[in-house]
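A.B. asks: Provided below for reference: sequence and predicted model.
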Amino acid sequence: MSQTTEPTASAVAAGEPATFPPRRRKKTNRGPIWLRPRFLISGTIVALMLLMAAFPQLFAGFGSDPNANCNVMETNQAPSSEHIFGVDIQGCDYYTNVIYGARASILVGIVVTAISFVVAAILGALAGYFGGWVDVIISRACDMAFGLPFILAAIVVLQLFSERTVWTVIFALALFNWPGGVRFMRSSVMEVRNREYVQASMLLGASKTRIIKSHIIPNSLTPLLVLQTLGVGGVISAEAGLTFIGIGLTPPSVSWGLQLAAARDYISAAPHLLVFPALFLTLTVLGFVLFGEALRDEFDPKGK
Amino acid sequence: MLGYTIRRIGQMIPVVIGATFLIYALTFLMPGDPIAALTGARPLPESTVAQIRQAYHLDDPFLVQYGNYMWGLLHGNFGIDFFGRPVLGLILERLPTTFALALTAWVLKLVIGLAIGVYGGLRHGRAGDHFALVFTVVFLGVPGFVIALGAQTVFGVQLGWVNPAGISAGWPMAFILPALVMAFEAAAGLARLTRTSLVGVLRSEYMRTARAKGLSPRRVIWGHALRNAMIPVVTYLGLSLAGMLGGAVIIEAIFNIPGIGGLMVTSINNKEGTIVVGIATMLVLVYLFFNLLVDLLYGVIDPRVRV
Amino acid sequence: MRTQQTQQPDPAGDHPLLRVRDLDVEFDTSKGIATAVSGMNFTVQRGEALGILGESGSGKSVTARAVMGILDMPPAKVPRGEILLEGEDLLTISAKRHRELVGSRVSMVFQDALTALNPVHPVGRQIGELYRVHRGYSRKDAKAAAIDMMDRVRIPAAASRVNDYPHQFSGGMRQRIVIAMALALDPVLLIADEPTTALDVTVQAQILELLKEQQVERNMGLILITHDISVVKEVTDQVAVMYAGRIVEHGATDEVLNHPGHPYTQGLRASVAGEELKGQRLPAIPGTPPDLLRLPDGCSFANRCPFVTDECLEQVPPLESVGAGRQSACFHTEEVLDHVTA
């Protein structure tokens, strides 16, 4: 680890400093990001899950509705060539159900994250850019929202509704998911704002819109987006966990959390009911986490 | 240090007020009538409703209700539930179980997370480090309750090493499985933070100084690297102890542990708003208390913030 | 050589205090092997101050770290050479023996005192640690010794500041603490790596004065690494000018700087503002130093050199004696010497 930046030699007024060996083994040239294994695998998982959430019909060959083709006589049947994931308690094809379960999880994950992203971008930028009382108000609000543990706050909100749809869950999770992002955005905007070249362009009379557009947004919005991507997995996990203990989604919603909850009573009789939604849920969360990390390593090597 | 302590406590007060206010407002400003919820489908006579409303001060302006509630809190009064039992008593009855679970999990997490994080950090870039990273990705990526379910099925039901649910076996046997599940899930984040922090410290100039002083590797690591590496970790640790109280709610439900989480879920299903608010308030107070402790500890290990 | 491991330090013997012989340092990077230092040869006697002058990336700091044994290996490696401290080769002695010598016989002052000091320990403990580790002092004695040392580098009210943390000191005072740490165990050799670069000009002078005074008082060997010609002039007896990992000129400071025998030294000298250049454009050396990953076959300075000939592009000029106690690595030394005096 050798030091790479010495102050430019004052007495050695000789052009640029020598190129010095990087201090440690830097990322070797592994080609474009979309060809790297981690990105490729996680990206494929994420893309598949998104597709599954948007167009479950594409994947479910057993009809356009998870409740089609149900036969109560076949309840809890183990996987077979006819029903590759088996049959659930109501006698419905489990594969179709699991496929349709993706929508709730993905929707919650994406929408909650998107809301947090927008809120964080706006509030964080306001607080960081204008400072002063705007900053004080926003920062204190963050402190207060941080005073509530995330899951606990979500539970408090969710329990107010007796029938909980995807949108109820989104509302409850989004309500307290933003403070981290706001703080992050605030500090990165402040940092960018105080950089010398930004100060210089302010002094040269660049308009606020111009500064925000050409300096603040590219330098702080991308890292925020990456940070939020990292959170998608957590949100999906939280939704499924809450649903599983009976505080999240309620029937007639279809979701992996609900399927897992229902499967608990049949652990020994029909373990496949537990395995498949758990597998899909794990794959999704893991996919989003890996995807977020691949993005972060690419765009924000410092945060590693 | 005293000034620092007082200042931190001072900064905490608005947060306590704000957080409790949020909980209270969320519960009581939301649509829905607590009395209707209480009585279910069968309507009560007008006079009874009025009586109840009066008894629970439901006709007062919201801020007055909140003020009354806070005033009660200051006197240790968390209100009473709809069966007339004091909420505080209900909570205190369950709190030790939850604390036992959260604390066990926290200690396990501390050991696992620090061990893996320090190992990964010291072996930075080598095989051991990659192992540590894979470990953390798996535990960050697999949802905690899925691990819980899996562990319960395998170790509880199939292998029969521990009771799959309940706490009849007492501490530690009844707590070991749920605590381990919570610990592994949380250890991943801790391990990462520790590793990153340690790698950063190991690259710092003062590590070079320490070696230039002719110190043994052990002294360099223990005397100079770890304490610096722990600075960000301590913050995280304190917050996570409080966070574990929240996480315990879900784990308790899965392992059927009669702690505060169980109480909360039952109360939600019974629409016992006062209990839910009481628990949330209690957990928030505990959470903030730990935050404060962490801040103070932070001042002890990092002299730069003590000014 | 393993046999040297048992050899005792012998300050009275005919070993010079420090002799560096044929030292190479390479960095293994993702883009290939970078040669940071090659064929380094120099000696330092007791009581002598050697300046190593060069710009960023010339290998001067790497040399210092190699002597101290604090290069990070990997990526650094030392494929060749000897670093003999009073006859003992620091590259081959056991790790234990190395730790005994480093910090006590040979010690180092770093460039940026704020980052060189551990932020979470009081300065007194950081100085005292040396006494505790190397001499087995008790906590109390170590603290007393630390206060004494802080006094000697003229930190005001040392006794009351011994428990303060690095961030509570000014830049100049912090550098004094780093110096106190380096001098604590009475080293025979002190290496100062850009000790004043991070400081204000007025403080720079004080720190240099302190270093010089301590060096004379203790009859230490001193290696002063810097990019600043005026610092070299002020403090050192001998100077080695480095360029792209090699010593290009070596000799008595006054001689070398007043009558450079190497075009690079000449360029350095010319680029310092002086009275006679008032009102004129400061001459700079054109071009940039070579990429250490792809050093040219010939002289590294050839692409920037006004004296360049075909010979320079084909062969690396060896460091050869060019008069009493002077060496230069240039095929045209005579010409350069004449050029200056003319």
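C.D. replies: Here it is on my side, so go on.

A.B. asks: could I get the pLDDT score of the residue nearest the centre of chain A?
C.D. replies: Nearest to the mean C-alpha position of chain A, counting by C-alpha atoms, centre = their mean, stands A:V232 at 1.6 Å. A:V232 carries a pLDDT score of 87 in this model.

A.B. asks: relative to chain B, how far out is it?
C.D. replies: According to C-beta to the nearest C-beta, to the nearest Å, A:V232 stands 12 Å off from chain B. For glycine as for every other residue, the C-beta is placed from the backbone atoms N, C-alpha and C.

A.B. asks: that residue: which element?
C.D. replies: Using DSSP states H and E, A:V232 falls within helix A:222-244.

A.B. asks: residue 127: what's it in contact with?
C.D. replies: Went with chain A since none was named. Residues near A:A127 by C-beta atoms under 8 Å, 6 or more residues apart in numbering or on different chains: A:V134, A:D135, A:I138, A:S139, A:V182, A:R186, A:V189.

A.B. asks: the intended chain is chain C.
C.D. replies: Residues in contact with C:I127, defined by C-beta under 8 Å, 6+ apart, are C:A145, C:A146, C:M149, C:M150, C:I177, C:A180, C:M181, C:A184.

A.B. asks: in this structure C:C305 contacts C:Q266, no?
C.D. replies: No: the pair C:C305 / C:Q266 is not scored as a contact, 9.7 Å apart, by C-beta atoms under 8 Å.

A.B. asks: find residues that contact each of the two.
C.D. replies: By C-beta under 8 Å, 6+ apart, no residue touches both C:C305 and C:Q266.

A.B. asks: shaky segments in the chain?
C.D. replies: The chain I'm using is chain A. By pLDDT under 70, the low-scoring segments of chain A are A:1-35, A:60-78, A:81-84, A:91, A:147, A:300-304.

A.B. asks: I was after chain C.
C.D. replies: Counting by pLDDT under 70, chain C shows low-confidence ranges at C:1-13, C:273-282, C:340-342.

A.B. asks: re earlier: my guess is the residue nearest to the centre of chain A meets A:V108, correct?
C.D. replies: No: using C-beta under 8 Å, A:V232 is not in contact with A:V108, being 9.6 Å away.

A.B. asks: which SS class is whichever residue of chain C sits closest to chain A?
C.D. replies: Of all residues in chain C, the one sitting closest to chain A is C:G57 (3.1 Å; C-beta to the nearest C-beta). On the three-state scheme (DSSP: H, G, I helix; E, B strand; the rest coil), C:G57 is labelled coil.

A.B. asks: so what's the residue count around it?
C.D. replies: 29 (other C-beta atoms under 10 Å in any protein chain shown).

A.B. asks: check A:G246 too.
C.D. replies: 16.

A.B. asks: that one touches A:L258, doesn't it?
C.D. replies: No: assessed by C-beta under 8 Å, A:G246 is found out of contact with A:L258, at 9.3 Å.

A.B. asks: ok, and what's touching the host helix or strand of B:L133?
C.D. replies: B:L133 belongs to helix B:127-141 when assigned by DSSP H and E. For helix B:127-141, the external contacting residues (C-beta under 8 Å, 6+ apart) are A:233, A:282, A:285-286, A:289-290, A:293, B:116-117, B:119-123, B:147, B:184-185, B:187-189, B:191-192, B:195.

A.B. asks: now with 6 Å, please.
C.D. replies: With contact meaning C-beta atoms under 6 Å, 6 or more residues apart in numbering or on different chains, helix B:127-141 is reached by A:V285, A:L286, A:V289, B:I116, B:Y119, B:G120, B:R123, B:F184, B:E185, B:A188, B:A191, B:R192.

A.B. asks: give the contact list for the fifth one.
C.D. replies: Going back to what we said before, that points to B:Y119. Neighbours of B:Y119 in contact, by C-beta under 6 Å, 6+ apart: B:G128.

A.B. asks: do you know how far it is from B:F131?
C.D. replies: For B:Y119, the distance to B:F131 equals 8 Å [C-beta to C-beta, to the nearest Å].

A.B. asks: do the last one as well
C.D. replies: Counting by C-beta to C-beta, the gap from B:R192 to B:F131 is 13 Å.

A.B. asks: and those two? Which one has more around it.
C.D. replies: A count of neighbours by other C-beta under 10 Å puts B:R192 above the other of B:R192 and B:F131, at 23 against 14.

A.B. asks: just the CA atoms of stretch C:176-187, as PDB, please.
C.D. replies: Provided in PDB are the C-alpha atoms of stretch C:176-187 (Å, rounded to 0.1, in the frame of the first residue of the first chain):
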ATOM      1  CA  ARG C 176       6.400  17.500  17.000                       C
ATOM      2  CA  ILE C 177       4.600  14.500  18.600                       C
ATOM      3  CA  VAL C 178       5.500  12.300  15.700                       C
ATOM      4  CA  ILE C 179       9.100  13.400  16.000                       C
ATOM      5  CA  ALA C 180       9.000  12.800  19.700                       C
ATOM      6  CA  MET C 181       7.800   9.300  19.000                       C
ATOM      7  CA  ALA C 182      10.500   8.700  16.400                       C
ATOM      8  CA  LEU C 183      13.200  10.000  18.800                       C
ATOM      9  CA  ALA C 184      11.900   8.300  21.900                       C
ATOM     10  CA  LEU C 185      14.300   5.400  21.900                       C
ATOM     11  CA  ASP C 186      17.400   7.300  20.800                       C
ATOM     12  CA  PRO C 187      17.600   5.800  17.300                       C
END
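
A.B. asks: now that stretch: buried residues?
C.D. replies: Using 16 or more other C-beta atoms under 10 Å in any protein chain shown as the test for burial, stretch C:176-187 gives C:R176, C:I177, C:V178, C:I179, C:A180, C:M181, C:A182, C:L183, C:A184, C:L185, C:P187.

A.B. asks: residues in contact with it: which ones?
C.D. replies: Identification of contacts with stretch C:176-187 by C-beta under 6 Å, 6+ apart yields C:104-107, C:109-110, C:113, C:116, C:123, C:127, C:130, C:134, C:149-150, C:153, C:155, C:190, C:214.

A.B. asks: repeat for stretch A:257-274
C.D. replies: Outside stretch A:257-274, the residues that touch it by C-beta under 6 Å, 6+ apart are A:N76, A:A78, A:P79, A:G86, A:G101, A:A240, A:T243, A:F244, A:G248, A:L249, A:P277, B:T153.

A.B. asks: which of those fall in helices?
C.D. replies: A:G101, A:A240, A:T243, A:F244, A:P277 (DSSP state H).

A.B. asks: wait, what's in contact with A:F280?
C.D. replies: Counting by C-beta under 6 Å, 6+ apart, A:F280 touches A:V98.

A.B. asks: doesn't it belong to a helix?
C.D. replies: Yes: assigned with three-state DSSP, A:F280 falls within a helix.

A.B. asks: so how far is C:R125 from it?
C.D. replies: Going from A:F280 to C:R125 by C-beta to C-beta gives 56 Å.
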